[in-house]
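K.L.:
Make a model of this:
(one chain, ligands or ions: 1)
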Amino acid sequence: MRALLVDRSAPAGLRLGTAPEPEPAPHQALIRVAATSFNYGEISHLVPEAPEGTVLGWDAAGVVERAAADGSGPAVGTPVVTLAPAGAWAELRAVDTDLIGTVPEGADLGAVSTVPVAGASALRALHRIGPLLGRRVLVTGATGGVGRYAVQLARRGGAYVVAVTGDPETRGDTLRALGAHEVVGTPAAASEPVHGVIDLVGGKQLVEAYEKLSEGGTLVAVGHSAGEPEQFPYGALFGNEGRHDRTVASFYLLGCTNLAPDLSLLAQQVAAGELDPGVSWRGGWQRAGEAADALLGRRLHGKAVLDLDAAAA
Ligand SMILES: NC(=O)c1ccc[n+]([C@@H]2O[C@H](COP(=O)([O-])OP(=O)(O)OC[C@H]3O[C@@H](n4cnc5c(N)ncnc54)[C@H](OP(=O)(O)O)[C@@H]3O)[C@@H](O)[C@H]2O)c1
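P.N.:
Residues are numbered from 1 along each chain as shown. Have a look, this model is predicted:
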């Protein structure tokens, strides 16, 4: 089968080549992939470290080619969206059925391919905060793949949403269109304390966002895009003066269980046009290097989608 292979002599470390077809375990379905979406983490961390020839990739949408032998999961021919630690960047992937969501017939599989890492991380991180109705939620890295879903889902959950971006001037309108009530350049600039934080950047932004938490509030540390340490000044963890019982929760999507219903729900909302998948780059997978370069160079805010069979666009 054709696949994107790790090849560090190629641009962005990826080359279109061939790989053996995966052999599904009894609890796995074989999926014919139509589209995949890139995530910052896999491009920045996994591609430079994986052995040459590896087929990476977390997110893929496609159609069930062969149902799981144990009878679990969707039937042959069902459009699906899938998540796994590797294997998405190929024509065929084998996936555990508890990481397969179903997709409405006729949906744009490219748009839906943005759901697994970006959408499900946003949804599960918001669940960790607790009820959102009438509460204030701050999202750092709000213009990115996860951040755009987090802004929309927090708004749909009834929160007052504060979005943080390094460039509020240029990107503020986009974030307000997604549902942000307030767009600021740093967490410290938020107008009032917040009950929850979805932090996608880490470092200084995490420290500032923690300082904004009200009593009983939760910061979910999802991402670490800044690559900086978190240095809390003396006194930052005091609990007096409205700062009692504030939590920092670590997060790992693949540590979450029962994700299939979430993938189905998010795919259905993307297909219905109720959630914007935030696609800011789309092309055939022969242009993978171009998309990866744009993501790493921070020229791409939102999701890059690769269609497997599209002519070079
Ligand atoms: N723990 C998990 O399971 C999990 C799951 C999903 C994602 N993640 C992590 O969450 C983070 C966000 O993922 P994503 O896919 O949304 O990434 P993304 O699309 O690259 O978005 C990250 C956003 O963060 C902002 N940012 C601020 N400082 C940055 C810096 N120094 N470098 C890069 N971006 C910076 C950028 O927005 P502005 O330029 O507008 O400020 C950018 O749009 C990543 O660290 C990713 O690895 C973790």
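
K.L.:
Residue 304 against residue 285, yeah?
P.N.:
No. Residue 304 is not in contact with residue 285 according to Cβ atoms under 8 Å; the separation is 10.7 Å. In short, each C-beta sits where N, CA and C put it, glycine included.

K.L.:
Would you mind listing what in the chain touches the ligand?
P.N.:
39-41, 117-118, 121, 141, 143-147, 165-167, 171, 200-201, 222-226, 251-253, 298, 301 (Cβ under 6 Å from any ligand atom).

K.L.:
quick one: low-confidence parts of the stretch 201-313 of the chain?
P.N.:
Across the stretch 201-313 of the chain, residues meeting the criterion (pLDDT under 70) sit at 310-313.

K.L.:
show me where it has helices.
P.N.:
203-211, 260-271, 288-296 (DSSP state H, counting those that start in this stretch).

K.L.:
now could you export just the CA positions of the second one as CSV?
P.N.:
C-alpha atoms of helix 260-271 as CSV (Å, rounded to 0.1, in the frame of the first residue of the first chain):
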residue,chain,number,x,y,z
ALA,A,260,-15.5,6.2,20.4
PRO,A,261,-18.8,7.9,21.4
ASP,A,262,-17.0,11.3,21.6
LEU,A,263,-15.5,10.8,18.1
SER,A,264,-19.0,10.0,16.7
LEU,A,265,-20.6,13.0,18.4
LEU,A,266,-17.9,15.4,17.2
ALA,A,267,-18.0,14.0,13.7
GLN,A,268,-21.7,14.4,13.6
GLN,A,269,-21.5,18.0,14.6
VAL,A,270,-18.7,18.8,12.1
ALA,A,271,-20.8,17.1,9.4
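
K.L.:
which other helices and strands contact that helix?
P.N.:
On a contact count with 3 or more Cβ pairs under 8 Å, 6 or more residues apart in numbering; DSSP states H and E, helix 260-271 meets strand 79-83, strand 100-102, helix 109-112, helix 120-129.

K.L.:
which of those is buried the deepest?
P.N.:
For those, the largest average neighbour count (mean count of other Cβ atoms under 10 Å) is found in strand 79-83, namely a mean of 27.

K.L.:
Which elements pack onto that one?
P.N.:
Going by 3+ Cβ pairs under 8 Å, 6+ apart, strand 79-83 lies up against strand 28-38, strand 59-66, strand 92-96, strand 100-102, helix 109-112, helix 260-271.

K.L.:
on that earlier part again, can you tell which of the helices of the stretch 201-313 of the chain is closest to residue 137?
P.N.:
helix 203-211 (10.7 Å; Cβ to Cβ).

K.L.:
quick one: contacts of the closest one?
P.N.:
Identification of contacts with helix 203-211 by Cβ atoms under 8 Å, 6 or more residues apart in numbering yields 138, 140-141, 164, 186-188, 194, 197, 199, 219, 221, 224, 226-233, 236, 246, 248.

K.L.:
hang on, the earlier thing: save the helices of the stretch 201-313 of the chain as a markdown table, and put in mean neighbour count too.
P.N.:
Listed next are the helices of the stretch 201-313 of the chain as a markdown table, based on neighbours: other Cβ atoms under 10 Å:
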| stretch | mean neighbour count |
| --- | --- |
| helix 203-211 | 21 |
| helix 260-271 | 21 |
| helix 288-296 | 19 |
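
K.L.:
circling back: are any of the contacts of helix 203-211 buried, and which?
P.N.:
138, 140-141, 164, 187, 194, 197, 199, 219, 221, 224, 226, 230, 246, 248 (16 or more other Cβ atoms under 10 Å).

K.L.:
wait, what's in contact with whichever residue of the stretch 151-300 of the chain sits closest to the ligand?
P.N.:
Residue of the stretch 151-300 of the chain nearest the ligand, by Cβ to the nearest ligand atom: residue 223 (2.2 Å). Residues near residue 223 by Cβ under 8 Å, 6+ apart: 40-41, 141, 144, 146, 199-202.

K.L.:
Let me have the residues you listed in a markdown table, extended by secondary structure.
P.N.:
Formatted as a markdown table, the contacts of residue 223 follow (DSSP: H, G, I helix; E, B strand; the rest coil):
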| residue | secondary structure |
| --- | --- |
| 40 | helix |
| 41 | helix |
| 141 | coil |
| 144 | coil |
| 146 | helix |
| 199 | strand |
| 200 | coil |
| 201 | coil |
| 202 | coil |
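
K.L.:
Many thanks, have a good one.
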